[in-house]
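# Give me the fold of what follows.
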Amino acid sequence: MSFISINEIDRLINEDVPYIDLTSWSLGIKEQPGEITYFTREDATVCGTEEVRAIFDRLRIETRSIISSGQKVSAGAELISGTGRAQDLHIAWKVGQNILDSCSGIATKTRRMVDVVKSCNPKMAVLTTRKGFPGTKALATKAIMAGGAMPHRLGLSETILIFKQHMNFIGGFEGLLNKLPEMKTECCEKKVIVEAATLEQAISLCRAGADGIQFDKMGVEELIKAVDVLRNEFPSSVLLAAGGINETNIAAYAKTNVNGIITTSLYSAKPIDIGVKIG
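Down below sits the predicted model:
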C-alpha cells in the first residue's frame, strides 16, 4: 500500500511538471507508446514502489511488474515497470526515481542496522526519532518500516514522553515525582516514559510509577549496569537507549539488553543508485 494520499501524489507530479513537459512537446513524441523500467544498480531493500505505481495510475501508465516494498533485491533487479505515452513516461521518470532511490536508501540502511541488532538480541527493537527532514515523514516512516524498524514516536499526540524541558515547568525532577501518580491515574491507558540521565533518577522514576525510562547518551558499560539493576527491581519497565547511536556503535548498544534502540541516523542514508530505462 502507498503511505501517501492521492493529493500528495498529485503535488509531487505538479512540483516537477507545473504546466507541461516542454521537451516531449517540442520533440513531438508525446503521443508515442513506450515502456518505463526502474532498476537498481546495487543490492538493496526496496521501498517506494507502491507510490510509483500510484504515480503511474495518475498518469494512465499501466503497471506491468512490481516488487513490493520490504523485499531484498540484488543489483540489476527490476523494481517496477509500466507502459504508456512517451509524455506520461517522462513526467513519471524523475518523480518516481527520487522516491525509489531515497526510500530504498533508508530501507537498506535500516535493514543493515536491524540485522546487527537482531543478531545480538532478536527481541530488541530499532526505533526512529521525529528528527527527519520536514515534509518527508510519511515516506521516511514507510522506509524505516520496510527495513524492519519502527517509529519511536510519530507525534506529540501519540505517546507521553517526559523530558527535562517539561520538568522546568513543574518544579524540576522532584515536581515530576509528585506529579507521576496523578498522571498515571488520568492517563491509565497510556504508558508514561521519562528521560533519565542517571541510574538513580531511573530508580526514583520507576518507584513513582513511570512505565519506562529513556536513557540519553549514556555509555554502553554504564547502561549495561543500569539495565541489570532495573530489570531486577522493575522487570516490566520499558528501557530505551537514545542519543548518538548509529552504524558505528549500534552493535555495542545491542548488547545492553534494553527493549529498544532509538536512532536518527537512518534518515541520513545514502540513496540507492536507481536506473531508469525508457523507450
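
# can we go C-alpha only for contacts and neighbour counts from here?
Noted.

# how about the strands in the stretch 101-250 of the chain?
Secondary structure of the stretch 101-250 of the chain, counting by DSSP state E, counting those that start in this stretch: strands at 125-128, 150-151, 160-162, 192-196, 212-216, 238-242.

# Check which strands are paired with the third one and give the direction for each one.
Translated: strand 160-162. As defined by DSSP bridges, the strand partners of strand 160-162 come to strand 192-196 (parallel).

# And for the fifth one?
When pairs are called by DSSP bridges, strand 212-216 turns out to pair with strand 192-196 (parallel), strand 238-242 (parallel).

# quick one: which of the strands of the stretch 101-250 of the chain is nearest Tyr38?
Nearest to Tyr38 among these is strand 150-151 (27.0 Å), distances taken as CA to CA.

# Now do the closest one: distance to the chain's middle.
Chain-centre distance of strand 150-151: 6 Å, with CA atoms, centre = their mean, to the nearest Å.

# can you offset everything so residue one is 10?
With 10 as the first residue, the last one maps to strand 159-160.

# and that strand, average pLDDT?
For strand 159-160, the mean per-residue pLDDT is 95.

# And stretch 168-181, by the same measure?
Averaged across stretch 168-181, pLDDT comes to 95.

# repeat for stretch 110-124
For stretch 110-124, the mean confidence score works out to 98.

# what's around Pro244, how many residues?
12 (other CA atoms under 10 Å).

# Pull out the buried residues from stretch 210-218.
By 16 or more other CA atoms under 10 Å, the buried positions in stretch 210-218 come out as 211-212, 214-215, 217-218.

# Please enumerate the helices of the protein.
15-25, 31-36, 58-67, 95-129, 146-155, 173-176, 181-195, 208-217, 229-242, 259-262 (DSSP state H).

# Show me what Lys81 bridges to in the sheet.
Applying DSSP bridges to Lys81 gives these bridge partners: Thr54.

# I'd like the distance between it and Val126.
With distances taken as CA to CA, to the nearest Å, Lys81 is found 18 Å from Val126.

# neighbour count winner among these two?
In terms of neighbours (other CA under 10 Å), Val126 is the more surrounded of Lys81 and Val126; the figures are 23 against 19.

# The more buried one contacts Ala260, doesn't it?
Yes. Val126 lies in contact with Ala260 (CA atoms under 8 Å); the separation is 6.3 Å.

# and Glu87, what does it touch?
Shown in contact with Glu87 (CA atoms under 8 Å, 6 or more residues apart in numbering): 46-49, 75-76.

# typo on my end, it should be Ser128
Listed by CA under 8 Å, 6+ apart, Ser128 has no contact partners.

# so can I have CSV of the helices of the chain showing distance to Ala251?
Output for these, formatted as CSV (distance: least, CA to CA, whole Å):
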stretch, distance to Ala251
helix 15-25, 32
helix 31-36, 49
helix 58-67, 31
helix 95-129, 14
helix 146-155, 17
helix 173-176, 15
helix 181-195, 20
helix 208-217, 15
helix 229-242, 11
helix 259-262, 10
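
# To Asn268, which of those helices lies closest?
Nearest of the helices of the chain to Asn268, taken as CA to CA: helix 229-242 at 9.8 Å.

# the inter-axis angle of the closest one versus strand 247-251?
Angle between the axes of helix 229-242 and strand 247-251 is 170 degrees (criterion: axes from the mean of the first three to the mean of the last three CA atoms, to 10 degrees).

# what's helix 229-242 in contact with?
208, 212, 224, 246, 248, 261-262, 264-267.

# Please identify the buried residues of that helix?
Neighbour counts over helix 229-242 (16+ other CA under 10 Å) mark 229, 232-233, 235-236, 239 as buried.

# Quick one: distance of it to the chain centre.
28 Å.

# Kindly format the C-alpha coordinates of that helix as PDB.
Output in PDB follows, covering the C-alpha atoms of helix 229-242 (Å, rounded to 0.1, in the frame of the first residue of the first chain):
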ATOM      1  CA  VAL A 229      27.500   1.300  26.900                       C
ATOM      2  CA  GLU A 230      29.100   0.000  30.100                       C
ATOM      3  CA  GLU A 231      27.100   2.300  32.400                       C
ATOM      4  CA  LEU A 232      24.000   1.400  30.500                       C
ATOM      5  CA  ILE A 233      24.600  -2.300  30.900                       C
ATOM      6  CA  LYS A 234      24.900  -1.900  34.700                       C
ATOM      7  CA  ALA A 235      21.800   0.300  34.800                       C
ATOM      8  CA  VAL A 236      19.700  -2.200  32.900                       C
ATOM      9  CA  ASP A 237      20.800  -5.000  35.100                       C
ATOM     10  CA  VAL A 238      19.600  -3.100  38.200                       C
ATOM     11  CA  LEU A 239      16.300  -2.000  36.800                       C
ATOM     12  CA  ARG A 240      15.500  -5.400  35.300                       C
ATOM     13  CA  ASN A 241      15.900  -6.900  38.800                       C
ATOM     14  CA  GLU A 242      13.700  -4.400  40.600                       C
END
